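Participant: everything below, folded, please.
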Amino acid sequence: MAEAKLMFNDGFLDRAQKMSGLRTVEAFAGAIGVSESVLNNARKTNVATPAMIVGLYKAFGFQPGEVCKVRPTTLANASQMETEVAA
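Facilitator: Take a look at the predicted model:
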């Protein structure tokens, strides 16, 4: 069976932060119960951790299907490479 990763829907974290009204990365990370470095890493890699999914649910009521999709590792890695090239 192929490996897979939970990947945030494109642009989700930025949209969620704007919707929340929290202006700083520190405040948004605190609201979802993760550190700034975990949040910044998620923005860079687009990989959704279980802790972030639970935090987004507890803070804002997002269901997992609204937040992310399961993608095969090969597609997840390609998405990460596209993000790095765009940066």
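
Participant: for A4, see how far away R15 is.
Facilitator: 24 Å (C-beta to C-beta, to the nearest Å). Backbone N, C-alpha and C define where each C-beta goes, glycine included.

Participant: before we move on, what about G61?
Facilitator: Using C-beta to C-beta, one gets 25 Å for the distance from G61 to A4.

Participant: tell me the mean pLDDT over the strand or helix carrying S37?
Facilitator: Assigned by DSSP states H and E, S37 falls within helix 36-45. Mean pLDDT, computed over helix 36-45, is 96.

Participant: quick one, the following helix or strand past it and helix 36-45 angle?
Facilitator: Downstream of helix 36-45, the first helix or strand assigned by DSSP H and E is helix 50-60. Relative orientation of helix 50-60 and helix 36-45, computed by axes from the mean of the first three to the mean of the last three C-alpha atoms, to 10 degrees: 100 degrees.

Participant: which positions within helix 50-60 qualify as buried?
Facilitator: For helix 50-60, burial by neighbour count (16 or more other C-beta atoms under 10 Å) applies to 52-53, 55-56, 59.

Participant: what's the helix holding S37 packed up against?
Facilitator: Counting contacts by 3 or more C-beta pairs under 8 Å, 6 or more residues apart in numbering; DSSP states H and E, helix 36-45 is packed against helix 12-20, helix 25-32, helix 50-60, helix 73-86.

Participant: a markdown table for those, including distance to R43 and mean pLDDT?
Facilitator: Output for the helices and strands packed on helix 36-45, formatted as a markdown table (distance: least, C-beta to C-beta, whole Å; pLDDT from 0 to 100):
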| stretch | distance to R43 | mean pLDDT |
| --- | --- | --- |
| helix 12-20 | 6 | 97 |
| helix 25-32 | 9 | 98 |
| helix 50-60 | 11 | 97 |
| helix 73-86 | 9 | 58 |
